[in-house]
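> model this:
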Amino acid sequence: MGQKTHPVGFRLGVNKTWLSNWFDEKKFADKLAEDIFLRNYLEKRLQNASIARIEIERTLKQVTININTARPGVVIGRKGQDVDKLRDEMKRLTGKEVQINIIEIKRPELEAALVAETLAKQLEGRVSFRRAMKRALQSTRRIGAEGVKITCSGRLGGAEMSRTESYKDGRIPLHTLRADIDYSQKVAFTAMGAIGVKVWICKGEILGRRNEREAHS
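Have a look, this model is predicted:
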């Protein structure tokens, strides 16, 4: 039995932080359920906006939603009309004041969620899985990633029996806590069935203050 752990969850509190930044001991379950609902709603509503992650911060009266996207123009809309409409929808759903911040991602090739989403769309569009995986691997490495690993599982190429194929380039030290590893998992719904797509991207190592001092001395 494989003893695997989630690469992002493993690094929480070390070099990664939570996507929901708030604390409420009494109504924790309700607010957590609301966060999951809001994320699912936004991902479905803005599925063409290349959203990498949605961060939610809460105060007593206000909910702040930070949308990290590679295509901010799609979210904002003409003269900011779409984002105003979105803010009103969120206000109706939560019953609180909502502030929406759009954060642009300059290098989408280094975001595991966007790489996995692009790959899933290509598989749905009947592109050869090997070609799509190799192309994603090369473009991510070219932008400056230290290492990339891509895994696809399912009826690849329309085969009768499902299998798993992986491609790896560079280094991905999953056991090194200081390594900045981005991970995402998406599903491509093809005519032959669902194909799972997993992407690991190593962006280098984040050294602590003490290590940085030692490195400079």
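
> where does the protein dip in pLDDT?
Within the chain, the segments meeting pLDDT under 70 span 1-2, 208-217.

> the strands in it, which residues?
Taking DSSP state E as the criterion, the chain contains strands spanning 20-21, 51-58, 62-69, 97-104, 147-154, 163-170, 179-190, 193-205.

> tell me who's in contact with the closest residue to residue 10 other than its chain neighbours.
With C-beta to C-beta, 6 or more residues apart in numbering as the criterion, residue 10 has its nearest non-adjacent residue at 7.4 Å, and that residue is residue 177. (Each C-beta comes from the backbone N, C-alpha and C, glycine too.) Residues near residue 177 by C-beta atoms under 8 Å, 6 or more residues apart in numbering: 10, 11, 14, 15.

> closest to residue 151 out of those residues?
Distance to residue 151, by C-beta to C-beta, is smallest for residue 10 among these, at 17.6 Å.

> neighbours of that closest one, how many?
Look at residue 10: counted by other C-beta atoms under 10 Å, it has 15 neighbours.

> could you do residue 165 as well?
Residue 165: 14 surrounding residues under other C-beta under 10 Å.

> also residue 43?
Residue 43, neighbours per other C-beta under 10 Å, totals 15.

> was I right about it contacting residue 50?
No: the pair residue 43 / residue 50 is not scored as a contact, 11.1 Å apart, by C-beta atoms under 8 Å.

> and the contacts of stretch 92-112?
Counting by C-beta under 8 Å, 6+ apart, 34, 37-38, 41, 50, 52, 61-70, 72, 75-76, 83, 86-87, 90-91, 114-115, 139-140, 142-145, 182-184, 199-201, 203 sit against stretch 92-112.
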